[in-house]
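Peer 1: Okay, sequence plus prediction incoming.
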Amino acid sequence: MDALLIVDAANVVGSVPDGWWRDRHGAAERLRDALVAPAADGLPGLLAPPLELVLVVEGAARGVESVAGVRVVPAAGSGDDRIVQLVADEGGGRDCLVVTADRGLRERVQALGARVTGPRAVWGSRSPSSCWSSSQ
């Protein structure tokens with residue numbers, strides 16, 4: 001069974017103070033596009049392929065569409081609650097890693113058996129700001 005990588009879009013986008021708040025939808029799309037490589041290659045030292053990558057979006061980013069390798073899941077309410085639900089529903093029996101810096105969310109998903117890492121893990125050696133600046 002493929003490993004499961006769940007990315008907290010709001011938290012990861014919000015970790016880079018680059019003006020994302022002016023275009024939340026566009027920032028989530030840029031994050032989604034930047035995640036195509038980790039979806040194929042994994043996260044060195046954390047998660048090897050094959051893996052299923054899920055990007056959880058909320059608020060103004062809810063209209064972001066999935067692309068090959070990255071399944072986008074909108075949260076009807078709280079993004080954190082949707083992530084916890086995904087871990088509970090889809091994480092059992094396989095390696096599950098959640099990318100977030102949110103301390104409360106980290107505790108909730110760890111209680112369900114998921115591992116956690118911070119937003120920097122999805123960037124590798126690339127600069128996060130280079131992924132965001134294209135449409136500002």
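Peer 2: Structure's in. What do you need?

Peer 1: could you point out which element follows the helix or strand residue 27 falls within?
Peer 2: Residue 27 is part of helix 24-34, with elements assigned from DSSP states H and E. Next along the chain after helix 24-34, taking DSSP H and E as the criterion, comes helix 36-41.

Peer 1: helices or strands next to that next one in the packing?
Peer 2: Judged by 3 or more Cβ pairs under 8 Å, 6 or more residues apart in numbering; DSSP states H and E, the packing partners of helix 36-41 are strand 51-57. Using the backbone N, CA and C atoms, a C-beta is placed for each residue, glycine as well.

Peer 1: who does the strand it packs on pair up with?
Peer 2: strand 3-8 (parallel), strand 70-74 (parallel) (DSSP bridges).

Peer 1: in the sheet, who's paired with the nearest residue to residue 62 once chain neighbours are set aside?
Peer 2: Excluding the flanking residues, the one nearest residue 62 by Cβ to Cβ, 6 or more residues apart in numbering is residue 74, at 4.2 Å. With DSSP bridges as the criterion, residue 74 is bridged to residue 57.

Peer 1: Run a quick neighbour tally on residue 74.
Peer 2: 16 (other Cβ atoms under 10 Å).

Peer 1: Also the one 10 residues further on?
Peer 2: Other residues within reach of residue 84, judged by other Cβ under 10 Å, total 20.

Peer 1: Good, wrapping up.
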